[in-house]
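Enquirer: Give me a 3D structure for the following:
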Amino acid sequence: MNIIVLVKQTFDTEEKIFIAEGGVVEDGVKFVLNPYDEYAVEEAIRIRDDMGGKVTVVSSGPERAAEALRTALAMGADEAVLLNDERIGADEHAVAQALAAFVGTEPYDLVLGGNFSVDNGAGQVAVRLAKLLGIPHVSAITKLDIADGRAVCSRDAEGDTEILELPLPALFTAQQGLNEPRYPSLQGIMKAKKKPFRELTLDDFGVTAEARTARAELFLPPQRQAGKLISGEPGEQAQELFQLLRTEAKVV
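Expert: Predicted coordinates for the structure are as follows:
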C-alpha cells in the first residue's frame, strides 16, 4: 500500500498575527505541521503498519516547510518531498498543479491530506488535486477502512454521518476525530534525520503552475468598539436602535 500524504506548514495557532507592508510578519514566528494534516499522517502510518507499503509526505512551500516534513518523518513516515519553487505561490490551483505533477510520477494507492489548513481555511488543494488526477475523493472523513482494493469511509456531514464506499486509488481528507495523532518520539526524531528527503522544483517535471487568484490586499479586522446601552421605554429604545442601525451601522 503506497500512500502519499499532503502536508503544509502553518502558523502555530497560538501565535499573534501582525501585518506589515501588505504581508504577514514571519520574523520570530513559530510554524508547525498543519493540525489537520497530523490526522492524515497518523492514518497513513496506521494503514502502512497494518498492510505494509510506504508513506511519502509531500509539501509545497518555502525552505522552512522542511521542518513540517521532518515532523511527519519523526512521526513515522518513510520519506519526504518538498516542492520548493517561488513560481508555485500560494494559489490553490497552482499548488494542486504542482502536487499533481509530483504524484503523477509516483506509484500510489491512496492520497491523504487534512480537511483544510488553519492559515487560510480554503480546503481546496486536495479536492483540486483529485480532479487533476482523475480519482474519486471524499472530504472530512472520520473513519477509513481499506480492504480488497476498496475503501469504506465515514464523513462528517454537518452534524450527521455519511458512509461511502469507493475504489482505490482515491483521495481522502481527514477531519478531527479520525484518530489521535502520535507525538514524535526522540527515537523517531533521530531516525527522521536519516530518511530520504528530496527537494524538487517545477523544472524537475517540465510543467508550469497557473495561479487563478491573486491577493489584492491584506489587513486585520478593525478593533471591536464598545457596546452601547439604550435606555428608555421599549418604544423609545426601538426608535433609537433603528436610528443607530441606519446612521452608524448603516445596515438599514
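Enquirer: where along the protein do the strands fall?
Expert: 2-6, 9-11, 19-20, 23-24, 31-33, 54-60, 79-83, 110-114, 137-147, 150-157, 160-167, 170-174, 197-200 (DSSP state E).
Enquirer: Which strands and helices lie in contact with the second one?
Expert: For strand 9-11, the elements it packs on are strand 31-33, judged by 3 or more Cβ pairs under 8 Å, 6 or more residues apart in numbering; DSSP states H and E. Where you see a C-beta, it was placed from the backbone N, CA and C, and this is true even at glycine.
Enquirer: Neighbouring strands of the strand it packs on in the sheet, and parallel or not?
Expert: strand 9-11 (antiparallel) (DSSP bridges).
Enquirer: Return the distance of the strand it pairs with from the chain's centre.
Expert: 9 Å (Cα atoms, centre = their mean, to the nearest Å).
Enquirer: Averaged pLDDT, it. What do you get?
Expert: The predicted model assigns strand 9-11 a mean pLDDT of 92.
Enquirer: And stretch 96-104, by the same measure?
Expert: Averaged across stretch 96-104, the pLDDT comes to 97.
Enquirer: Give the buried residues for it.
Expert: Across stretch 96-104, burial judged by 16 or more other Cβ atoms under 10 Å covers 96, 97, 98, 99, 100, 101, 102, 103.
Enquirer: in the chain, which ranges drop under the pLDDT threshold?
Expert: Using pLDDT under 70 as the threshold, the predicted model of the chain has no low-confidence range.
Enquirer: Which helix in it has the most residues?
Expert: helix 35-51 (DSSP state H).
Enquirer: what angle separates that one from strand 137-147?
Expert: 20 degrees (axes from the mean of the first three to the mean of the last three Cα atoms, to 10 degrees).
Enquirer: Start at 10, not 1
Expert: That works, and once the first residue is 10, the last one we named lands at helix 44-60.
Enquirer: So which elements touch helix 44-60?
Expert: On the basis of 3+ Cβ pairs under 8 Å, 6+ apart, helix 44-60 makes packing contacts with strand 11-15, strand 63-69, helix 75-84, strand 119-123, strand 146-156, strand 179-183.
Enquirer: got the CA positions of it in PDB?
Expert: The C-alpha atoms that make up helix 44-60 are tabulated as PDB, following Å, rounded to 0.1, in the frame of the first residue of the first chain:
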ATOM      1  CA  PRO A  44      -3.000  20.200  12.700                       C
ATOM      2  CA  TYR A  45      -5.500  18.600  10.300                       C
ATOM      3  CA  ASP A  46      -2.600  17.200   8.300                       C
ATOM      4  CA  GLU A  47      -1.400  15.400  11.500                       C
ATOM      5  CA  TYR A  48      -4.500  13.200  11.300                       C
ATOM      6  CA  ALA A  49      -3.700  12.300   7.700                       C
ATOM      7  CA  VAL A  50      -0.100  11.400   8.600                       C
ATOM      8  CA  GLU A  51      -1.300   9.300  11.600                       C
ATOM      9  CA  GLU A  52      -3.800   7.500   9.500                       C
ATOM     10  CA  ALA A  53      -1.300   6.800   6.700                       C
ATOM     11  CA  ILE A  54       1.200   5.300   9.300                       C
ATOM     12  CA  ARG A  55      -1.500   3.100  10.800                       C
ATOM     13  CA  ILE A  56      -2.600   1.700   7.400                       C
ATOM     14  CA  ARG A  57       1.000   1.100   6.400                       C
ATOM     15  CA  ASP A  58       1.800  -0.700   9.700                       C
ATOM     16  CA  ASP A  59      -1.300  -2.900   9.200                       C
ATOM     17  CA  MET A  60      -1.000  -3.600   5.400                       C
END
